[in-house]
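S.K.: turn this into a model:
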Amino acid sequence: MAQTALLSVSDKTGILEFAQALHGLGVKLLSTGGTAKLLADAGLPVTEVADHTGFPEMLDGRVKTLHPKIHGGLLARRDLPAHVAAIKEHGIDTIDLLVVNLYPFEATVAKPGCTLEDAIENIDIGGPAMVRSAAKNWKDVGVLTDASQYAVALAELQADGKLSDKTKFAFSVAAFNRIADYDGAISDYLSAIDFDASIGQPAPTRSLFPAQSNGRFVKVQDLRYGENPHQQAAFYRDLYPAPGSLVSARQLQGKELSYNNIADADAAWECVKSFDEPACVIVKHANPCGVAVGADALEAYSKAFKTDPTSAFGGIIAFNRPVDLATAQAVNKQFVEVLMAPGYTPEALEVFQATKAKLNVRVLEIALPQGGTTDWDNGRNAMDVKRVGSGLLIQTADNHELALADLKVVSKKQPTPQQLQDLLFAWKVAKYVKSNAIVFCADGMTMGVGAGQMSRLDSARIASIKAEHAGLSLKDTAVASDAFFPFRDGLDVVVDAGAGCVIQPGGSMRDQEVIDAADERGVVMVLSGVRHFRH
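M.R.: Reported below is the predicted structural model:
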């Protein structure tokens, strides 16, 4: 018995070629609307769904496939005599292959100025209904919901005259996933609309935080274990990942990435791509332990490594410039877990392939984002999520960038141009250090980093101790504090360590006391007006 395929697609990429191949295999073609016209214009024998069902399309195409002759043909189980008898009694032919992609709801609501009416009209009804029917009856029906599946299906049909159970099941899973994604997008959009505020407006007013949040992620890989060996883990990506984000990385060599590798690599990559100049960031346990800019990747690495050579051992290293031979040779002298860069010269890669031990180094290539006005353009998350007991905390991501014009000098002593640049550098690094964060910098490199302490005083002391162990002088350094100094003692600690200028958000009820202390100590104090807690 000849097979029948129903083709009804919004995105017509590749559909004509696929239909021509199906026809060549003797498959009978059913279709709807624009898809049917495309096939007919190409000379293919195609039956309109309206002719197949004996019921015309109506309500501007809203009703065309919602008919027993369609859903009966998709849902009838061929292995159940009662089903076979029922469809025979009612003159329903089986449909063996369904090819459907849906109205472009996600693309429609992403357009500036999209009206509620436009959004509603792009909610597909018949398409998801057919997909669900076919996917439920996967043993008898192959359901294709993406053009990328055409080649796989065609290869099996040409080789065996049918789809394998494994392929049909995989297509069914993909179909249900697509419907879940589609419905999730509709739910996200509609539950974010403020109906009252939208009255009289050309486009609806939408909240950043919808009444229901529907996370949609795709598994990249299973991991050997989680943060600790007794935990299980997997790595997922956004359904539509931003170019230049960590999930776009291509691993060129090395062992499989671990849970901690991925978490630390993200911290390093987010930090390094925030710099315009050639930069290197070394991360250990989610905190930058060395950050620097330089004339090139080698100089940036050499400066970053000096900050804390001990912590750099077994660290994660990220560059925002391609790695050349000289840089690779320098990095190769230390033990590194993960190396990231926008590119590598062939000679640089050979350095990490020269010995068996270095072959274990996980080398990742990640294209830098193109840049632009949106978080997406810059390869950043628009939202951050933290899991709590039976719930989620969702917030807009901390993507604030401080400019020179944003700085407010509050001390009597005025900063030099070099101090202003060092303060901006220190502030940029502090944003990626766990709170409480204190960062000493000078000449485009970190000199001491204190992270993750309950007391800001302890963070400052730790940064000073690390600098001493690394043989670095903190005299006249610039210091960034991720939050305000609640008392003057925090300022006194960093000045005692050698700081000549300090940047902090301000906003404490004791701001004036701290500013007076800066004047008393003869140092520059600048307020950013922005806090950068990172927990």
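
S.K.: C-alpha from now on. contacts and neighbour counts both.
M.R.: OK.

S.K.: for the stretch 101-250 of the chain, what spans make up the strands?
M.R.: With strands called from DSSP state E, counting those that start in this stretch, the stretch 101-250 of the chain shows them at 142-144, 217-223, 233-238, 250-253.

S.K.: er, the stretch 251-400 of the chain actually
M.R.: Using DSSP E, counting those that start in this stretch, strands in the stretch 251-400 of the chain cover 279-284, 287-293, 315-319, 336-341, 362-365, 383-388, 391-396.

S.K.: dump those to TSV, plus mean pLDDT.
M.R.: What follows is the strands of the stretch 251-400 of the chain, written out as TSV (pLDDT from 0 to 100):
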stretch	mean pLDDT
strand 279-284	97
strand 287-293	96
strand 315-319	97
strand 336-341	96
strand 362-365	96
strand 383-388	92
strand 391-396	92
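
S.K.: figure out which of these is closest to residue 456.
M.R.: strand 287-293 (15.8 Å; C-alpha to C-alpha).

S.K.: relative to strand 315-319, how tilted is that closest one?
M.R.: 30 degrees (axes from the mean of the first three to the mean of the last three C-alpha atoms, to 10 degrees).

S.K.: before we move on, back to that, looking at the strands of the stretch 251-400 of the chain, which is closest to residue 305?
M.R.: Taking C-alpha to C-alpha, strand 287-293 is the member of the strands of the stretch 251-400 of the chain nearest to residue 305, at 5.9 Å.

S.K.: same for the closest one, what does it pack against?
M.R.: If contacts are counted by 3 or more C-alpha pairs under 8 Å, 6 or more residues apart in numbering; DSSP states H and E, strand 287-293 sits against helix 259-272, strand 279-284, helix 297-307, helix 309-312, strand 445-450.

S.K.: hang on, the earlier thing: what's the closest of the strands of the stretch 251-400 of the chain to residue 151?
M.R.: strand 362-365 (28.9 Å).

S.K.: who touches that closest one?
M.R.: 249-257, 337-344 (C-alpha atoms under 8 Å, 6 or more residues apart in numbering).

S.K.: that one pairs with which strands, and in what direction?
M.R.: strand 250-253 (antiparallel), strand 336-341 (parallel) (DSSP bridges).

S.K.: is it possible to get these out as JSON lines so that each row also shows mean neighbour count and distance to residue 211?
M.R.: Formatted as JSON lines, those follow (neighbours: other C-alpha atoms under 10 Å; distance: least, C-alpha to C-alpha, whole Å):
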{"stretch": "strand 250-253", "mean neighbour count": "15", "distance to residue 211": "36"}
{"stretch": "strand 336-341", "mean neighbour count": "24", "distance to residue 211": "38"}
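
S.K.: of all the strands of the stretch 101-250 of the chain, which one comes closest to residue 112?
M.R.: Nearest of the strands of the stretch 101-250 of the chain to residue 112, taken as C-alpha to C-alpha: strand 233-238 at 21.9 Å.

S.K.: sorry, back to before: just put the strands of the stretch 251-400 of the chain in CSV and tack on distance to residue 418.
M.R.: Output for the strands of the stretch 251-400 of the chain, formatted as CSV (distance: least, C-alpha to C-alpha, whole Å):
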stretch, distance to residue 418
strand 279-284, 18
strand 287-293, 14
strand 315-319, 24
strand 336-341, 28
strand 362-365, 33
strand 383-388, 34
strand 391-396, 33
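
S.K.: which one of these lies nearest to residue 306?
M.R.: Of all those, strand 287-293 sits nearest to residue 306, with 7.4 Å by C-alpha to C-alpha.

S.K.: of the strands of the stretch 101-250 of the chain, flag the one that's most buried.
M.R.: strand 142-144 (a mean of 29; mean count of other C-alpha atoms under 10 Å).

S.K.: who touches that strand?
M.R.: For strand 142-144, using C-alpha under 8 Å, 6+ apart, the contacting residues are 96-101, 131, 134-135, 150, 163, 168, 171-172, 175.

S.K.: which two in those are spaced the farthest apart?
M.R.: Farthest apart among the contacts of strand 142-144 - using C-alpha to C-alpha - are 101 and 163, which lie 19.4 Å from each other.

S.K.: local confidence estimate at the closest residue to residue 475 other than its chain neighbours?
M.R.: Leaving out its chain neighbours, the residue that sits closest to residue 475 by C-alpha to C-alpha, 6 or more residues apart in numbering is residue 498, at 4.1 Å. At residue 498, the model reports a pLDDT of 95.

S.K.: and residue 498, how far is that from residue 132?
M.R.: In this view, residue 498 and residue 132 are 68 Å apart by C-alpha to C-alpha, to the nearest Å.

S.K.: next one: residue 303
M.R.: Where residue 132 is concerned, residue 303 sits at a distance of 58 Å (C-alpha to C-alpha).

S.K.: check residue 20 too.
M.R.: 26 Å.

S.K.: one step back: most surrounded residue in the contacts of strand 142-144?
M.R.: residue 134 (29 neighbours; other C-alpha atoms under 10 Å).

S.K.: isn't that residue right next to residue 74, touching?
M.R.: Yes - using C-alpha atoms under 8 Å, residue 134 makes contact with residue 74 at a distance of 5.4 Å.

S.K.: overlap in contacts of those two?
M.R.: Joint contacts of residue 134 and residue 74 (C-alpha under 8 Å, 6+ apart) are residue 141.

S.K.: is residue 525 in a helix, a strand, or coil?
M.R.: strand (DSSP: H, G, I helix; E, B strand; the rest coil).

S.K.: still on that earlier bit, and the residue nearest to residue 475, backbone torsions?
M.R.: Main-chain torsions, residue 498, degrees, to the nearest 10: phi 130, psi 0.

S.K.: can you list the low-confidence ranges for the stretch 1-150 of the chain?
M.R.: Residues of the stretch 1-150 of the chain that meet the criterion pLDDT under 70 lie in 1, 61.

S.K.: which outside residues touch stretch 132-140?
M.R.: Contacts for stretch 132-140 (C-alpha under 8 Å, 6+ apart): 71, 74-78, 96, 98, 141-143, 165, 168-169, 171-173, 175-176, 179.

S.K.: swap in stretch 460-480?
M.R.: Residues contacting stretch 460-480 (C-alpha under 8 Å, 6+ apart): 306-309, 419, 422-423, 426-427, 430, 437-442, 447-450, 490, 493-494, 497-504.

S.K.: same question for that stretch, mean pLDDT?
M.R.: 95.

S.K.: great, nothing more from me.
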